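Enquirer: structure, please.
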Amino acid sequence: MSALSIGALAPDFTLPAEPGDPVTLSSLKGQAVVLYFYPKDSTPGCTTESCDFRDREAELRAAGALVFGISRDSLKSHANFRQKQALGFPLLSDADGEVHRAYGAWGEKTMYGRTSVGAVRTTVLVDADGRVAQVWSPVKVAGHAEAVLLAARGLSSARG
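Expert: Alright, predicted model coming up:
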């Protein structure tokens, strides 16, 4: 797992999105970006986390931040998940896990006493200059989206 340094340029990427055209991080300069990496569509924790971001999306946008969920699921899986949960923001498909690894969201984890390798629930807040502003890893879902919103508001007040 690579650790991102606060203030470092966020690793650039282009990933297919549901819905719409592929998303390239560097093309979003000028806006803050919330990248939340989650293990799997339609699982309980991931559904709760995604719905928490959905419920705060308008406030995040008001704070100048765009939200993107990223998992290794297919675009078809993302389409079903977005529709079922009424998610307004795009879900990006990182099928080969390359972006997960670049952001330190892939590695060893322990669940129910068993150790495995996989997606580590991680959120990265990227500032309007494309730099890492904050990293949460591993994420505890309860209250997480609210903490990200507060951090995004802090970025926008520091800018303006």
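
Enquirer: distance from stretch 44-55 to the middle of the chain?
Expert: What separates the centre of stretch 44-55 from the centre of its chain is 11 Å, taken as C-alpha atoms, centre = their mean, to the nearest Å.

Enquirer: so for it, mean pLDDT?
Expert: Here the mean pLDDT over stretch 44-55 is 94, rounded to a whole number.

Enquirer: what comes into contact with it?
Expert: By C-beta atoms under 8 Å, 6 or more residues apart in numbering, the list of residues contacting stretch 44-55 from outside reads 34, 36, 38-40, 60, 67, 69, 71, 81, 85-89, 121, 139, 141, 144-146, 148. In short, each C-beta sits where N, CA and C put it, glycine included.

Enquirer: and for residue 143, the neighbour number?
Expert: One way to gauge burial is a neighbour count; for residue 143, by other C-beta atoms under 10 Å, it gives 9.

Enquirer: gap between it and residue 111?
Expert: When distance is defined by C-beta to C-beta, to the nearest Å, residue 143 is 20 Å away from residue 111.

Enquirer: where does residue 160 land on pLDDT?
Expert: At residue 160 the predicted local distance difference test score is 55.

Enquirer: brain fart, residue 29
Expert: Model confidence at residue 29, expressed as pLDDT, equals 93.

Enquirer: that one and residue 21, how far apart?
Expert: When distance is defined by C-beta to C-beta, residue 29 is 17 Å away from residue 21.
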